[in-house]
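**Student:** For reference, the sequence and a predicted model appear below.
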Amino acid sequence: MSASEVAVGAADFTGPLRDTGSPLEAATLNALDRLQHVLTPQPTGADRFRADNEAGRFGRIFGGQLVAQAMAAAAATVTGPSPHSIHAAFLRAGDCDAPLDIIVDRTRDGRSMSIRHVEVRQTGRTLLTATVSFDTNPETADATTEFNDTPQAHPLLQHWVQQAPPRLAQRGSTWIVTPPPLEMRIAEAPVFLGGSQAPGERTHWMRLPRDNDGGPVADAVLLAYATDYLLVDMALRSHPQRVGYGTHTGLTLDHAVWLHRPVQFDRWHAYTQQTVAVGGHRALVRGSIVDSTGRHVASTAQEVLIRPTDGAPARKAENQ
């Protein structure tokens, strides 16, 4: 274990993250700096873009990064309406060390809505295809959800890394040394950190580690990125059979996000996930995201492939 792992690993991850000056806060802010860079695709031609990748954490490009980059590139070709949905299919795993090429097709521009088809490629191979829809989406009144829960009642995700069994400690340490660019709080250990399988839904809280003034499109793109976390883990948690990262491989097949209203992602959001169907090697996980005022701001759905490793060494799940 490196000196930085020891320093960060000795911290208390049950308290606040923001404005603490802690090594974890510094690493999380650095991760957000990097993410905001890779979510700003650089034009290379008419509706063509080039983008880099986050630091590797899963042994491949995180699916949420590709989803967010597709949305960001599509948004760069639209004037006026904001993103309201993305439907993405993952076709191949990506290499974190090679740049990406993003191609946008202007499928339709209407009076209030626009649609873009996006391909994300790497070394000539398509990694992801997506349809991104945009709408002027005027603000309307909405019913709110009351929460008895609060994010401060739960420890940071990194707390569960500290509690992980020794066999999972090395993989888990990545979430401390190279943390996601988010503050995430959860009441139980995820399966990939030694948590138990259990039926029913699970909620975690999430927000950016600092204020964000990038505007509504930037908030939407960052939320789309964050929606990909813990969905594969949720499918494993609630699977009717005995499954785990040591015996099974979990991969994302497709991912959908619907944005119901503008997001302020530097504020707390509760992300509730539930496995709604398991058939063969596939599982469907559904999610709902509610902001700190109780408004339902987004919905998600993801199809996950869970299959035995057949005695071969288990690969890391694309999205933990």
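**Tutor:** Ah, there it is.

**Student:** Put the alpha carbons of stretch 73-82 into CSV.
**Tutor:** What follows is stretch 73-82, C-alpha atoms only, in CSV (Å, rounded to 0.1, in the frame of the first residue of the first chain):
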residue,chain,number,x,y,z
ALA,A,73,-21.3,16.5,-27.5
ALA,A,74,-24.9,16.5,-28.6
ALA,A,75,-25.6,19.6,-26.5
ALA,A,76,-22.8,21.4,-28.3
THR,A,77,-24.9,21.2,-31.5
VAL,A,78,-28.1,22.4,-30.0
THR,A,79,-29.1,26.0,-29.2
GLY,A,80,-31.9,26.7,-26.7
PRO,A,81,-33.4,23.4,-25.5
SER,A,82,-31.8,21.5,-22.6
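
**Student:** for it, what is the average pLDDT?
**Tutor:** Averaging pLDDT along stretch 73-82 gives 94.

**Student:** Quick one: list the elements packing against the longest helix seen in the chain.
**Tutor:** What stands out as the longest helix in the chain, according to DSSP state H, is helix 23-38. Applying 3 or more Cβ pairs under 8 Å, 6 or more residues apart in numbering; DSSP states H and E, one finds that helix 23-38 contacts helix 3-9, helix 63-75, helix 166-177, helix 216-226. Backbone N, C-alpha and C define where each C-beta goes, glycine included.

**Student:** Whichever helix or strand comes after that helix - which strands sit beside it in the sheet, and in what orientation?
**Tutor:** Beyond helix 23-38 on the C-terminal side, the first helix or strand identified by DSSP states H and E is strand 42-45. According to DSSP bridges, strand 42-45 has the following sheet partners: strand 48-51 (antiparallel).

**Student:** how about the nearest residue to D101, chain neighbours excluded?
**Tutor:** Closest residue to D101 apart from its sequence neighbours, by Cβ to Cβ, 6 or more residues apart in numbering: R121 at 4.6 Å.

**Student:** picking up where we left off before, could you list the alpha-carbon positions for the longest helix of the chain in PDB?
**Tutor:** Output in PDB follows, covering the C-alpha atoms of helix 23-38 (Å, rounded to 0.1, in the frame of the first residue of the first chain):
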ATOM      1  CA  PRO A  23      -6.700  14.200   1.400                       C
ATOM      2  CA  LEU A  24     -10.000  12.600   0.300                       C
ATOM      3  CA  GLU A  25     -11.500  16.000  -0.400                       C
ATOM      4  CA  ALA A  26      -8.400  17.000  -2.400                       C
ATOM      5  CA  ALA A  27      -8.500  13.800  -4.400                       C
ATOM      6  CA  THR A  28     -12.200  14.100  -5.100                       C
ATOM      7  CA  LEU A  29     -11.800  17.700  -6.300                       C
ATOM      8  CA  ASN A  30      -9.000  16.700  -8.600                       C
ATOM      9  CA  ALA A  31     -11.200  13.900 -10.000                       C
ATOM     10  CA  LEU A  32     -13.900  16.500 -10.700                       C
ATOM     11  CA  ASP A  33     -11.400  18.800 -12.400                       C
ATOM     12  CA  ARG A  34     -10.400  15.900 -14.600                       C
ATOM     13  CA  LEU A  35     -14.000  14.900 -15.300                       C
ATOM     14  CA  GLN A  36     -15.000  18.500 -16.300                       C
ATOM     15  CA  HIS A  37     -12.100  18.500 -18.700                       C
ATOM     16  CA  VAL A  38     -13.100  15.200 -20.400                       C
END
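
**Student:** How far off centre is that helix?
**Tutor:** Here helix 23-38 shows a centroid-to-chain-centroid distance of 15 Å under the convention Cα atoms, centre = their mean, to the nearest Å.

**Student:** So what touches that helix?
**Tutor:** The contact list for helix 23-38, computed with Cβ atoms under 8 Å, 6 or more residues apart in numbering, reads 4, 7-8, 11, 13, 17-19, 51-55, 65, 69, 156, 158, 176-183, 208-210, 214, 218, 222, 225.
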